[in-house]
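**Q** need a 3D model of the sequence below.
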Amino acid sequence: MQLILSPGDSLSYSWLIVLLATIEGGLLIASKPAFGGTTLVSAWWWAVAAVVGVASTEVLLTVSLEPLWARSIPALRFASAALTFCPMMAVLGAKRPQDRAWQFIVLSMWGIVTLPAIENLALRPGQALSIQGVRFAFLAGLILLGVLNWLPTRLWVTAILVGLGQATLFAPYVGLDLVEPRPLLHALAGIWFVFATATFLWKVRVLPPHGCTGNDRVWRDFRDQFGALWALRVLERVNASAVMNQWPFRLSWTGFKVVSPSIEIGESDPTPEQQQALNLVIDNLMRRFVSPEWIAKCRENRVH
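**A** Residues are numbered from 1 along each chain as shown. You can find the predicted model right below:
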């Protein structure tokens, strides 16, 4: 059921959306330095596009009384909600040198996700938009992928909040109206996205990993920002080099440890030669994702 708002309620709802979008935009701007020197800048711009898309669509559809817009409401809301998947997809391709070309794949993915909206707008304007079967599984998989990629990191709260926000946005299209009236869905999703961005900013910019220095800090910051999929790949390559060079330590999910499971590397530091070789391996692996300055700041325990 599509909610029809009175003029007064429409104005109030529009201001609420504008307020949430402004807060979210401010938090995104504040978090921008955290992406400096990394390939995550494209993901940041996609996040901006998602905020602008969702907010502007809601305001436009709320204040406009034109019949054409009324018939387009389901499709436009669905298409703007689909933009929230783009930042996560951009991260999955955030490896030089293909990171820029990958943005065309992100755009194509957005087009694929919005196909039901295009069909609804072209063939069934004004009718309810419903997602079932394979398309429902695809959407659920995208939401789950985003949550799982950052669930084992310090940003697990952010991942859950973003997943909840996306599930709320798409709930009406799978027959799950979690909240009535309908505008409260978008307001609730917006609040979740605001808290998610604030959590990211707090964790990455304000609260760096406690007690981490040197390469441990490099690893933890990389793991938290890029997520588990890229982190596991880097972990595998670092440990392959450690085995090949017969180093007495390995990289675990929480940092570097010696081969003996009961002794941490802090109690048995690598030799200067081993440390230099390890730095070279890390630099070579991570230069596909971050700049030398980014790595240097991590090793010096400075905020990005």
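**Q** would you map the strands across the stretch 51-200 of the chain?
**A** Under the criterion DSSP state E, counting those that start in this stretch, the stretch 51-200 of the chain contains no strands.
**Q** can you map out the helices along it?
**A** Applying DSSP state H, counting those that start in this stretch to the stretch 51-200 of the chain gives helices spanning 67-82, 86-92, 102-113, 115-123, 133-150, 156-170, 182-201.
**Q** of those helices, which is nearest Val41?
**A** helix 86-92 (9.2 Å; Cβ to Cβ). The C-beta positions use only the backbone N, C-alpha and C, and glycine is treated the same way.
**Q** and the closest one, average pLDDT?
**A** For helix 86-92, mean pLDDT rounds to 93.
**Q** can you check stretch 47-56 too?
**A** Stretch 47-56 comes out at a mean pLDDT of 87.
**Q** still on that earlier bit, wait, which of the helices of the stretch 51-200 of the chain is closest to Arg237?
**A** The closest approach between Arg237 and any of those, judged by Cβ to Cβ, belongs to helix 86-92 at 17.6 Å.
**Q** now the closest one: how far from the chain's centre is it?
**A** The chain centre lies 7 Å from the centre of helix 86-92; the measure is Cα atoms, centre = their mean, to the nearest Å.
**Q** ditto for stretch 156-176
**A** Centre-to-centre, stretch 156-176 and its host chain are 13 Å apart (Cα atoms, centre = their mean).
**Q** return the set of buried residues in it.
**A** By neighbour count with 16 or more other Cβ atoms under 10 Å, stretch 156-176 contains the buried residues 157-170, 172-173.
**Q** swap in stretch 97-111?
**A** Neighbour counts over stretch 97-111 (16+ other Cβ under 10 Å) mark Asp99, Trp102, Gln103, Val106, Met109, Trp110 as buried.
**Q** what's in contact with it?
**A** Stretch 97-111 has contacts (Cβ atoms under 8 Å, 6 or more residues apart in numbering) with Thr39, Ser42, Trp46, Ala82, Leu83, Phe85, Cys86, Met89, Ala90, Gly93, Ala94.
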